[in-house]
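Novice: Below are the sequence and a predicted model; questions follow.
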Amino acid sequence: MNERVEKALNEQIEKEASSSQFYLAMASWAEQQGLNGTATFMYAHSDEERFHMLKLVKFINERGGTAVVPGLSKPPSEFKSLENVFQLLLDHEIDVTNSINNLVDICLQEKDYTTHNFIQWYVSEQLEEEALARTILDKVSLIDNDKAGLYMFDRDLENSAIQADNASAVTPGA
Ligand code: OFO
């Protein structure tokens, strides 16, 4: 496969794997704080990012390229607050979106329309993930120091994570 595209896809593998580790660290932190809904949401999100990584690994190999499994740097284990966690999540997703857009650009420059087509799935996924992160962050900002608000927020997040899980059991990979 085109060398420049292959290199960019391998860099994206690292981004997706790092996202998975980052959200796993957030899940573990949330669990330690007793925020079980946030933990459930982040564990599920971490799994999704691993799936995004696997999809790239398989695509590169199927097209005759060489997928490289990357070493990863250690994610943080402490976070300042719940708001900080969701701000970092949004910032991270924006960064991943930029990297996907860059991949689209490279595919067009190299006239690799097959990979361009494959990457469109990630373009839509990023659109959804950024919108979700923004909505959640807006809600968290409203809570401030209200304990009842925090309890309800966390419970709602748990319910939405369970619903998303049920939906993906019906449509694997959704
Ligand atoms: Fe891989 O979807 Fe977000 O980062």
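Specialist: Looks like it came in fine.
Novice: The nearest residue to Ile143 once chain neighbours are set aside: how many residues sit nearby?
Specialist: Nearest residue to Ile143 in three dimensions, chain neighbours excluded: Gly149, at 4.1 Å (C-beta to C-beta, 6 or more residues apart in numbering). For the C-beta atoms, the positions are set from N, CA and C on the backbone; glycine is no exception. Applying other C-beta atoms under 10 Å, we find 14 residues neighbouring Gly149.
Novice: same question, Asn36
Specialist: Residues within reach of Asn36, counting by other C-beta under 10 Å, total 14.
Novice: what residue lies at the spatial centre of this structure?
Specialist: In the chain, the residue lying closest to the centroid (C-alpha atoms, centre = their mean) is Glu49, at 4.7 Å.
Novice: show me what contacts that one?
Specialist: Glu49 is in contact with 16-17, 19-20, 23, counting by C-beta atoms under 8 Å, 6 or more residues apart in numbering.
Novice: Which of these fall in helices?
Specialist: Using DSSP state H, the members of those that fall in helices are 16-17, 19-20, 23.
Novice: and this structure, which residues reach the ligand?
Specialist: Residues of the chain lying close to the ligand (C-beta under 6 Å from any ligand atom) are 16, 19, 49, 52, 93, 96, 125-126, 129.
Novice: rewinding a little: and which of the ones in helices among the contacts of Glu49 is nearest to Tyr113?
Specialist: Closest approach between the ones in helices among the contacts of Glu49 and Tyr113, by C-beta to C-beta: Glu16, at 22.3 Å.
Novice: hey, where'd the helices end up in this structure?
Specialist: For the chain, the helices defined by DSSP H occupy 3-32, 36-62, 82-109, 113-143, 147-170.
Novice: Distance of Ser81 relative to the ligand?
Specialist: To the ligand, Ser81 is 22 Å away according to C-beta to the nearest ligand atom, to the nearest Å.
Novice: I meant to write Val5 there.
Specialist: With C-beta to the nearest ligand atom as the criterion, Val5 and the ligand are 18 Å apart.
Novice: who's in contact with that residue?
Specialist: Counting by C-beta under 8 Å, 6+ apart, Val5 touches 106-107, 110, 112, 115.
Novice: Tell me the one among these nearest to the ligand.
Specialist: In terms of C-beta to the nearest ligand atom, no member of the contacts of Val5 lies closer to the ligand than Thr115, at 16.4 Å.
Novice: Check whether the closest one really touches Cys107, as I assumed.
Specialist: Yes: with contact defined as C-beta atoms under 8 Å, Thr115 counts as touching Cys107 (4.9 Å).
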